[in-house]
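Colleague: Here's a sequence, model it:
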Amino acid sequence: MSYLKLSTAAVAVLAASTTGGFAQSRDTVQVAGSSTVLPYANIVAEAFGAETDFPTPVVEGGGSSTGRARLCEGVGPGTIDIANSSSLMSESERETCIAAGVTPIEVRFGYDGIVFASDINGPSFEFEPAHWYIALADQHFIDGELVPNELTNWSEVAEVAQSYGVEGDLPDQEINAFIPGTNHGTREVFEENVMLAGCEQGGFYDAMIEAGVDEDAAEEACMAVRTDGRSVDIEGDYTQTLANLDSTPTGMGVFGLSFYENNTDRLQVATMSGVTPSTETIAAGEYPVSRPLQFYVKEEHLGVIPGLREYVAFFVSDAIAGPGGPLSEYGLVPDPELAQVQSMVEDMGQ
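Modeller: Residues are numbered from 1 along each chain as shown. I've put the predicted structure just below:
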């Protein structure tokens with residue numbers, strides 16, 4: 001299937017840029033980073049290699065923070081050109097990049113949701129963010145002090161949540177959660193959009209503030225995950241999370257929407273705040289746990305590494321990232337502002 005053909009004239013226009021501070025000594029674009037973005041980048045890389053005269057880019061995983069760190073190592077053929085990321089680059093990371101002579105350009109290409117899925121043959125779950133905070137918080141703030149979390153069952157979690165005004169029942173099933181490790185961008189979004197949101201929903205954050213706890217310390221306590229074995233960090237990609245669910249049928253895993261949608265024969269998905277995750281509910285802004293997907297391009301490599309500028313333009317083209325393209329078929333929620341992104345890419349590094 002032909003996704004996009006770049007004309008010779010188009011390639012010439014896209015390739016017009018400064019040559020940076022080093023001589024080109026490799027002819028293949030190199031990409032690393034987010035495991036969430038990895039399957040999308042693989043689809044694009046394979047199509048790019050098939051549909052243009054450039055070699056197929058080399059795409060690796062490793063996690064969002066790892067990819068961004070590698071991008072910021074410096075400039076030259078021994079460093080990567082693009083860092084895939086399911087979370088945004090922090091100001092301190094950007095400063096590290098600049099100090100190393102790297103100017104990172106953010107390119108958003110769509111949206112994805114974080115979903116909570118379990119064995120297809122198990123009971124169904126209807127979550128609120130507070131349920132996840134209560135289940136996985138390292139400590140709970142009770143009677144003015146932090147005490148260890150000793151809950152072991154999701155039904156117990158629902159009972160505690162109800163006592164704080166959060167309605168809903170959960171199945172009588174052990175808490176065995178498999179969440180992204182700290183090297184993943186999904187973990188950052190999980191901590192902020194689920195753990196912190198749940199801490200606030202149940203009133204725990206406000207209780208800490210009212211008791212005189214510093215705001216930063218309260219947020220840190222809200223996002224701290226228990227380490228007693230009820231929650232397991234997954235340092236690999238979603239296939240490792242799925243393997244853990246296979247060996248622990250009572251487990252609950254955190255996945256990207258697209259991965260779940262490509263494994264519906266093995267997984268069932270939970271609702272969050274009464275909304276079932278889907279490309280439609282994310283696009284409509286109804287599903288509460290969604291995030292933008294992006295990659296960061298090393299500006300200094302534009303016009304030096306052959307095919308880099310063309311790969312970026314190919315990635316965000318209508319034929320690839322737009323509605324009905326291969327990325328949306330895999331599960332990406334297309335960016336409604338894709339045209340603006342395309343305009344930015346055309347001017348990138350000029």
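
Colleague: Could you report the distance from the most centrally placed residue in the chain to S343?
Modeller: For the chain, S86 is the residue whose C-alpha lies nearest the centre (CA atoms, centre = their mean; 3.0 Å). Summarising the geometry, the distance separating S86 from S343, computed by CB to CB, to the nearest Å, is 24 Å. For glycine as for every other residue, the C-beta is placed from the backbone atoms N, C-alpha and C.

Colleague: circling back to that earlier point, tell me who's in contact with the residue nearest to the residue nearest to the centre of the chain when sequence neighbours are not counted.
Modeller: With sequence-adjacent residues excluded and distances taken as CB to CB, 6 or more residues apart in numbering, S86 is closest to G185, at 3.5 Å. Contact criterion CB atoms under 8 Å, 6 or more residues apart in numbering gives S34, T36, G63, S64, S65, S85, S86, S87, R291 as the residues in contact with G185.

Colleague: Tell me the one among the residues you listed nearest to D216.
Modeller: S87 (19.3 Å; CB to CB).

Colleague: Touching, that closest one and S64? I think so.
Modeller: Yes: taking CB atoms under 8 Å as the definition, S87 is a contact partner of S64 at 5.2 Å.

Colleague: quick one: which of those two has more around it?
Modeller: S64 (32 against 23; other CB atoms under 10 Å).

Colleague: Go ahead and confirm the more buried one touches S90.
Modeller: No: counting by CB under 8 Å, S64 sits too far from S90 to count as a contact (10.9 Å).

Colleague: Buried ones in the biggest strand by length in the chain, by neighbour count?
Modeller: Using DSSP state E to assign secondary structure, the strand with the most residues in the chain is strand 104-119. Under the neighbour-count criterion of 16 or more other CB atoms under 10 Å, strand 104-119 has 104-105, 107-119 buried.

Colleague: ok, that strand: who's next to it in the sheet?
Modeller: When pairs are called by DSSP bridges, strand 104-119 turns out to pair with strand 252-256 (antiparallel), strand 267-269 (antiparallel), strand 290-298 (antiparallel), strand 333-334 (antiparallel).

Colleague: List the contacts of the second one.
Modeller: Just to be clear, that refers to strand 267-269. Looking at what lies outside strand 267-269 - CB under 8 Å, 6+ apart - the contacts are 115-120, 122, 124, 242, 245, 253, 255, 260, 276-277.

Colleague: Of those residues, just say which sits nearest to G285.
Modeller: Within the contacts of strand 267-269, the smallest distance to G285 is 12.6 Å, found for P277 (CB to CB).
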